[in-house]
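Student: predicted model and sequence below, questions to follow.
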Amino acid sequence: MAELDRDIKYVDRNFNTIKNSLIDYSKAYFPNTFNDFTPESTGMLFIEMASYVGDVLSFYLDNQVQETFIQYARQTENLFNIAYMLGYTPKVTTVASVDIDLYQTVPSKTVGTNVIPDMDYTLTIPANTTVNNPQNADLTFIMEDACDFSISSSMDPTTITVYEVAGDLPQTFLLKKTRKAISSKINTATFTFTRAKKFDTVDLTGANIVGVLDCFDSNGNEWYEVPNLSQDVIMDTIRNTNPNDPNFSNDTEVPYLLRTKQIQRRFVSRFINETTLQLQFGAGSSGLSTEEIIPNPDNVGLGLPFEKTKLTTAFSPTNFVFTDTYGLAPYNTTLTVRYLTGGGVSSNVEAGQLTQVNDSGIAFNNPNLADSAVANVTFASVAANNVLAADGGQDGDTVEELRQNALGNFQNQLRTVTKEDYMIRALSMPANLGVIAKAYSAPVKISEYQAGELPTILDLYVLSYDINKKLRTASRALKRNLQTYLSQYRMINDAVKIKDAFVVNIGVEFEIIVLPNFNNNLVLTKCIDAITAYFDGNRWQINQPIILKELSVLLDKIEGVQTVQDVRVVNKAGSIMGYSDYAYDVYGATYKHVIYPSIDPMIFELKFPNTDIKGRVVPL
């Protein structure tokens with residue numbers, strides 16, 4: 001029999017080893033009964049047949065053991081199953097992404113002596129709106145987030161420019177926003193359920209399936225996708241526009257408020273193979289009370305009736321009372337599932353190809369507009385363009401990529417355990433909930449512990465951006481969103497105190513000697529540009545020190561600089577001048593050419609580089 005390579009030899013037997021073992025056994029126990037071991041003998045016929053059967057059984061046993069190890073498994077379905085067991089979701093395709101510039105015009109209006117845009121005519125482009133190429137219908141991209149031209153913040157600015165002029169005054173203004181889009185098409189599938197069935201499943205089949213977009217039943221109820229059926233809480237967002245909402249905030253940096261929502265209609269999805277996405281639903285019905293249990297002393301901690309204690313149970317915030325139903329099972333209804341397909345290498349389109357916006361869902365923010373003619377012109381002005389080419393599109397995981405990604409993902413987790421986990425999770429909060437610009441986490445100081453507190457409290461210091469992308473104290477609404485956002489990842493026995501970090505504004509003064517035959521002003525301009533780039537806000541973090549030698553080396557590398565005579569960092573304070581109110585003793589905090597931050601977490605910010613960087617050319 002032909003030899004087949006086996007990565008794992010659990011039995012470690014093949015045709016020859018089995019054959020030799022049977023011959024040795026016959027010689028030892030039947031020396032007089034059978035002693036003709038030539039290949040032509042009848043006895044060898046039976047020995048070789050038994051060896052063949054043993055070899056086949058050994059092969060399949062070795063193969064079954066081998067397929068349980070992701071390092072050696074070869075069958076795709078087994079690789080997918082093991083990857084899910086390790087917490088990794090296989091990718092059958094990867095979408096390309098691109099920034100789409102969206103435009104609309106609005107008429108002008110006069111307020112006092114000023115001519116400003118009439119924001120009553122602003123539009124909202126809903127989420128999942130498609131943008132495509134008019135000449136090629138296959139080039140379809142979907143904008144993941146809604147685009148509201150009436151909202152402007154540091155991370156989602158609305159650029160306003162004059163579009164048309166009548167005489168000396170602006171007649172219309174052009175509004176511009178940017179949204180991320182991915183290469184996908186929306187497909188629809190319907191599934192009819194008659195009788196309730198526990199953990200019922202349906203399959204979506206097709207090439208390049210990205211994932212499920214949404215799911216609604218025939219009664220209009222939405223079914224939510226969750227990581228596992230035991231999770232009955234999701235994060236939901238609401239517009240921050242209702243002044244009667246107790247959580248309302250007039251902070252323009254927080255367009256949406258985050259809240260938790262308990263759901264019964266939920267499902268999970270998993271890829272069975274490269275072309276099949278399976279959806280699985282729960283096992284309960286709306287009449288089962290376990291779906292409505294609210295944690296209280298009767299069912300948590302003190303024990304349920306008939307003396308079943310819960311004191312030794314490991315609770316999870318995603319399923320606090322361990323409901324038996326794991327969500328509802330659909331019955332007597334039809335589910336309409338919208339899912340995305342696309343991606344691949346062919347989705348990396350060139351710049352300027354995506355110019356047509358699907359206007360079926362676009363609507364005015366103000367439905368009561370006085371001039372319908374102007375409204376029609378404004379509605380027709382919506383345009384789009386991708387200035388850069390789309391990239392990132394590629395095929396799904398290869399067999400080896402699937403192995404390595406699953407093994408690497410096993411060490412990751414969604415729970416926040418270390419202080420770095422909390423910091424990264426805060427910075428990754430979705431932009432529509434407000435943006436945490438800077439974050440720093442540290443254990444609570446021993447001197448600040450209250451009597452009886454456990455050492456599991458973490459101080460999370462945060463800062464946000466204003467509309468000019470300058471650092472500021474985070475608003476109450478933003479902190480509330482962050483608190484709600486962290487609740488789904490926080491360990492159940494951890495306590496996190498969200499605090500404000502301090503901003504210390506600085507200026508830089510330097511003196512240089514310029515080489516002969518170089519223009520002094522040009523060299524100074526290059527030095528100022530280099531310092532501006534060095535102190536760019538994206539590069540600086542809370543509690544990062546200023547190393548003066550780095551500034552000296554930076555200036556010394558500028559073409560035309562002969563010698564750096566002096567570099568000084570000075571404090572800028574005072575809200576009247578537009579700076580932070582916190583003064584800082586820069587001289588006292590300097591040790592061996594390093595300016596150290598304070599004990600309380602703070603960040604250095606060069607707020608106005610055009611005026612706060614002063615350079616001087618001195619003679620040799």
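Tutor: Arrived safely, thanks for sending. Residues are numbered from 1 along each chain as shown.

Student: now do the SS call for residue 326.
Tutor: coil (DSSP: H, G, I helix; E, B strand; the rest coil).

Student: OK, contacts around it?
Tutor: Contacts for residue 326 (CB atoms under 8 Å, 6 or more residues apart in numbering) come out as 199, 229-230, 282-284. Quick note: C-beta positions are derived from backbone N, CA and C, even for glycine.

Student: swap the cut-off to 10 Å and go again
Tutor: The contact partners of residue 326, by CB atoms under 10 Å, 6 or more residues apart in numbering, come to 198-199, 226, 228-232, 264, 266, 268, 280-284, 290-291, 319.

Student: check residue 34 too.
Tutor: Counted by CB under 10 Å, 6+ apart, residue 34 has contacts 23, 26-27, 41-44, 46-47.

Student: pLDDT at it, what is it?
Tutor: Residue 34 carries a pLDDT value of 81.

Student: show me the shaky parts of the stretch 1-150 of the chain.
Tutor: Scanning the stretch 1-150 of the chain for pLDDT under 70 picks out 1-12.

Student: can you pull out the strands in the stretch 301-450 of the chain?
Tutor: Listed in chain order, the strands of the stretch 301-450 of the chain (DSSP state E, counting those that start in this stretch) span residues 333-342, 356-357, 363-364, 383-385, 394-395, 438-443.

Student: CA atoms only: put the longest one into PDB for me.
Tutor: The C-alpha coordinates for strand 333-342 follow below in PDB (Å, rounded to 0.1, in the frame of the first residue of the first chain):
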ATOM      1  CA  THR A 333     -43.400  34.600  10.800                       C
ATOM      2  CA  THR A 334     -41.100  35.400   7.900                       C
ATOM      3  CA  LEU A 335     -37.700  36.800   8.400                       C
ATOM      4  CA  THR A 336     -36.200  39.200   5.900                       C
ATOM      5  CA  VAL A 337     -32.400  39.200   6.100                       C
ATOM      6  CA  ARG A 338     -30.300  41.700   4.400                       C
ATOM      7  CA  TYR A 339     -26.700  40.700   4.000                       C
ATOM      8  CA  LEU A 340     -23.600  42.100   2.300                       C
ATOM      9  CA  THR A 341     -21.500  40.600  -0.400                       C
ATOM     10  CA  GLY A 342     -18.400  42.000  -2.100                       C
END
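
Student: what helices or strands is it leaning on?
Tutor: strand 93-94, strand 136-143, strand 169-193, strand 201-205, strand 209-216, strand 266-273, strand 276-281 (3 or more CB pairs under 10 Å, 6 or more residues apart in numbering; DSSP states H and E).

Student: please apply the same query to the second one.
Tutor: Applying 3+ CB pairs under 10 Å, 6+ apart, one finds that strand 356-357 contacts strand 97-111, strand 130-133, strand 136-143, strand 383-385.

Student: by neighbours, which of the contacts of residue 34 wins?
Tutor: residue 47 (21 neighbours; other CB atoms under 10 Å).

Student: quick one: it is in a helix?
Tutor: Yes - assessed with three-state DSSP, residue 47 lies in a helix.

Student: residues in contact with it?
Tutor: With the criterion set at CB under 10 Å, 6+ apart, residue 47 makes contact with 18-23, 25-26, 34, 37, 41.

Student: and with 8 Å instead?
Tutor: Contact analysis of residue 47 by CB under 8 Å, 6+ apart lists 19, 22-23, 26.

Student: same check, this time on residue 393
Tutor: Contacts of residue 393 (CB under 8 Å, 6+ apart): 94-96, 183, 343-348.

Student: so which of the contacts of residue 47 is the closest to residue 483?
Tutor: residue 19 (71.1 Å; CB to CB).

Student: and for that closest one, nearest residue in space, chain neighbours not counted?
Tutor: Leaving aside its sequence neighbours, residue 19 sits nearest to residue 51 (CB to CB, 6 or more residues apart in numbering; 4.1 Å).

Student: burial count for residue 235?
Tutor: Residue 235: 15 neighbours (other CB under 10 Å).

Student: would you confirm that it contacts residue 262?
Tutor: No - Residue 235 is not in contact with residue 262 according to CB atoms under 8 Å; the separation is 11.4 Å.

Student: coming back round to it: for residue 504, find the nearest of the helices and strands packed on strand 356-357.
Tutor: Using CB to CB, the helices and strands packed on strand 356-357 put strand 97-111 closest to residue 504, at 33.6 Å.

Student: now do the SS call for residue 74.
Tutor: When the structure is reduced to helix, strand and coil (three-state DSSP), residue 74 reads as coil.

Student: any buried residues in stretch 375-389, and which?
Tutor: 375, 378-379, 381-382, 384, 386 (16 or more other CB atoms under 10 Å).

Student: got it, and stretch 203-220?
Tutor: Neighbour counts over stretch 203-220 (16+ other CB under 10 Å) mark 204, 208-213, 215-217 as buried.

Student: in these, find the pair that's most separated.
Tutor: Across the buried residues of stretch 203-220, no pair lies farther apart than 208 and 217, at 26.7 Å, counting by CB to CB.

Student: which residues touch the residue nearest the centre of the chain?
Tutor: Closest to where the C-alpha atoms of the chain average out (CA atoms, centre = their mean) is residue 428, at 6.4 Å. Counting by CB under 8 Å, 6+ apart, residue 428 touches no other residue.

Student: now do residue 515
Tutor: Contacts of residue 515 by CB under 8 Å, 6+ apart are 560-562.

Student: closest to residue 539 out of these?
Tutor: Checking the contacts of residue 515 one by one against residue 539 (CB to CB), the nearest turns out to be residue 561, at 21.8 Å.

Student: surely the closest one meets residue 520?
Tutor: No - assessed by CB under 8 Å, residue 561 is found out of contact with residue 520, at 10.8 Å.

Student: now for these two: what residues contact both?
Tutor: Common neighbours of residue 561 and residue 520 (CB under 8 Å, 6+ apart) are residue 514.

Student: chain center to stretch 560-575: distance?
Tutor: Chain-centre distance of stretch 560-575: 39 Å, with CA atoms, centre = their mean, to the nearest Å.

Student: can you point out the buried residues in that stretch?
Tutor: For stretch 560-575, a neighbour-count test (16+ other CB under 10 Å) marks 560-561, 564, 567, 569, 571-572 as buried.

Student: make a markdown table out of those and add distance to residue 550, secondary structure and pLDDT.
Tutor: A markdown table is the format used below for those (distance: CB to CB, whole Å; DSSP: H, G, I helix; E, B strand; the rest coil; pLDDT from 0 to 100):
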| residue | distance to residue 550 | secondary structure | pLDDT |
| --- | --- | --- | --- |
| 560 | 20 | coil | 92 |
| 561 | 15 | strand | 92 |
| 564 | 12 | strand | 92 |
| 567 | 10 | strand | 93 |
| 569 | 12 | strand | 94 |
| 571 | 19 | strand | 94 |
| 572 | 20 | strand | 93 |
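
Student: among those residues, which pair sits farthest apart?
Tutor: Pairwise distances across those (CB to CB) peak at 29.7 Å, for the pair 560 and 571.

Student: is residue 493 in a helix, a strand, or coil?
Tutor: coil.

Student: what number of residues lie near it?
Tutor: So residue 493, with other CB under 10 Å, has 7 neighbours.

Student: thinking again about what came up before, export the buried residues of stretch 560-575 to CSV and tack on distance to residue 491?
Tutor: As requested, those are exported to CSV (distance: CB to CB, whole Å):
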residue, distance to residue 491
560, 56
561, 52
564, 49
567, 45
569, 40
571, 39
572, 41
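
Student: which element is residue 22 on?
Tutor: Element membership for residue 22 (DSSP states H and E) is helix 15-29.

Student: my bad, should have said residue 165
Tutor: Under the criterion of DSSP H and E, residue 165 resides in strand 159-166.
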